[in-house]
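Asker: take a look and give me a structure for this.
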Amino acid sequence: MNIAYRTLMATLLKWIFFGTIIGIIIGSTTVLIMSGISAGFGAAFGTPITGAVFAMEMVALGKMKYKALVPCLVASFVGHYVTEKGWGVEHETFIIKTVPESSFATYGKVIVVAIIFSLLSVLYSQLRHGIQRISEKYTKKNHMVWAFVGGVLIVILFLIIGSQDYNGRGLDMLEQSFKEDVPPFAIIAKLIFTAITMGRGFVGGEAIPLFFMGATLGNTLSEYIHLPLSFLAGLGMIATFCGGANTPIAAFLLAVEMFDGKGIEFFFVACLVSYIFSGHHGLWPSQKIFAPKSRLYNIEDGLSIEDVEKQKRHKK
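Answerer: Residues are numbered from 1 along each chain as shown. Sure, this is the predicted structure:
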């Protein structure tokens, strides 16, 4: 066992020890859950800083749970290093080959595509939760029937398309979107497959499907927006995730960690724009709204995204 490895393990053990002590002192189930989210995010994507901030930011729109900072940071780094160094797992890499020069025209294009990506996140959230509401209504919350019908629909769609590119995580096409053109209908196919799968009860990770949809849409838009293909794919990947998760700081840090800091000024703008223009929609209906995203949104403090959606449906 080399010195570097022994040093790493000793550091991890100290983090675990202090994190456990802090968790016991805080005595909060919420902090424990947030630490678990951080560990999972850091381990899954190889982005430990993002993992820590993501868990603190996702609980409520407009508020960070700073009391969970140390436990989340410890959990995220432990999850990351155990996955990479302990189990030898190599995370996928997405490389931005070219970053455009800073100019008013470039920033204008970034703002326009960020709005498009934010609307994509809204479309997915609305479709996914709409399918769930309809399923619960007509199956009377019989989850066996609910899941069976969803499975049949996915099989039919697979037979029609004749490809497994839109089943599962779809990492091959996600990586392809940074290198070469992908089918222009890829975004629609993934949107429908994922919304039906999640809406019909097969709930799982929704970050990678959002990555896929955003990256493939960015890939397609590169022909019309005239920005580098890999740059637009990365921008779409991050901005769509930001709009769906309502976590602009974590999304920005994700771009920094994933793309080695390339184009951070553009990603900062894209995350801010996507967060604001996605409105009060999102992947998780239970997400609380500590403060509205903008004064232009007439939203009460303390409501959840689900509460806001119900109010809108009742007004119609």
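Asker: got the CA positions of stretch 253-263 in PDB?
Answerer: Presented in PDB, the C-alpha positions along stretch 253-263 are these (Å, rounded to 0.1, in the frame of the first residue of the first chain):
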ATOM      1  CA  LEU A 253     -20.600  24.000 -10.100                       C
ATOM      2  CA  LEU A 254     -21.400  20.900 -12.100                       C
ATOM      3  CA  ALA A 255     -20.300  22.600 -15.300                       C
ATOM      4  CA  VAL A 256     -17.100  23.700 -13.600                       C
ATOM      5  CA  GLU A 257     -16.300  20.200 -12.400                       C
ATOM      6  CA  MET A 258     -17.400  18.300 -15.500                       C
ATOM      7  CA  PHE A 259     -15.800  20.600 -18.100                       C
ATOM      8  CA  ASP A 260     -12.700  21.700 -16.200                       C
ATOM      9  CA  GLY A 261     -13.800  25.300 -15.900                       C
ATOM     10  CA  LYS A 262     -14.200  25.900 -19.600                       C
ATOM     11  CA  GLY A 263     -16.600  28.600 -20.500                       C
END
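Asker: is residue 179 in contact with residue 228, as I believe?
Answerer: No - if you go by C-beta atoms under 8 Å, residue 179 and residue 228 don't touch, sitting 11.7 Å apart. All C-beta spots, glycine's among them, are computed from the backbone N, C-alpha and C.
Asker: more neighbours: the two, which one.
Answerer: A side-by-side neighbour count of residue 179 and residue 228, using other C-beta atoms under 10 Å, places residue 228 first with 17 against 14.
Asker: tell me where the model's unsure across the stretch 51-200 of the chain.
Answerer: In the prediction, the stretch 51-200 of the chain carries no residues with pLDDT under 70.
Asker: what about the strands in it?
Answerer: Along the stretch 51-200 of the chain, counting by DSSP state E, counting those that start in this stretch, strands occupy 60-61.
Asker: where do the helices sit along the protein?
Answerer: For the chain, the helices defined by DSSP state H occupy 3-26, 29-45, 48-58, 69-81, 104-139, 143-161, 171-176, 186-199, 207-225, 229-245, 248-258, 264-277, 305-315.
Asker: out of those helices, which one sits most buried?
Answerer: Comparing those by mean neighbour count (mean count of other C-beta atoms under 10 Å), helix 229-245 comes out on top with a mean of 29.
Asker: which strands and helices sit next to it?
Answerer: Under the contact criterion of 3 or more C-beta pairs under 8 Å, 6 or more residues apart in numbering; DSSP states H and E, helix 229-245 touches helix 104-139, helix 207-225, helix 248-258, helix 264-277.
Asker: who are the packing partners of the first one?
Answerer: With contacts defined as 3+ C-beta pairs under 8 Å, 6+ apart, the packing partners of helix 104-139 are helix 143-161, helix 186-199, helix 207-225, helix 229-245, helix 264-277.
Asker: turn the helices of the chain into JSON lines, columns for distance to residue 90.
Answerer: Output for the helices of the chain, formatted as JSON lines (distance: least, C-beta to C-beta, whole Å):
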{"stretch": "helix 3-26", "distance to residue 90": "17"}
{"stretch": "helix 29-45", "distance to residue 90": "12"}
{"stretch": "helix 48-58", "distance to residue 90": "16"}
{"stretch": "helix 69-81", "distance to residue 90": "13"}
{"stretch": "helix 104-139", "distance to residue 90": "28"}
{"stretch": "helix 143-161", "distance to residue 90": "29"}
{"stretch": "helix 171-176", "distance to residue 90": "12"}
{"stretch": "helix 186-199", "distance to residue 90": "24"}
{"stretch": "helix 207-225", "distance to residue 90": "16"}
{"stretch": "helix 229-245", "distance to residue 90": "19"}
{"stretch": "helix 248-258", "distance to residue 90": "14"}
{"stretch": "helix 264-277", "distance to residue 90": "24"}
{"stretch": "helix 305-315", "distance to residue 90": "35"}
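Asker: wait, which of these is closest to residue 290?
Answerer: Judged by C-beta to C-beta, the one of those that comes nearest to residue 290 is helix 48-58, at 10.8 Å.
Asker: show residues contacting that closest one.
Answerer: Helix 48-58 has contacts (C-beta atoms under 8 Å, 6 or more residues apart in numbering) with 34-35, 37-43, 45, 64-66, 68-69, 72-73, 75-77, 79-81, 245-250, 253-254, 257, 284, 287.
Asker: next, the angle helix 29-45 makes with it.
Answerer: Going by axes from the mean of the first three to the mean of the last three C-alpha atoms, to 10 degrees, helix 48-58 is angled at 140 degrees with respect to helix 29-45.
Asker: good, wrapping up.
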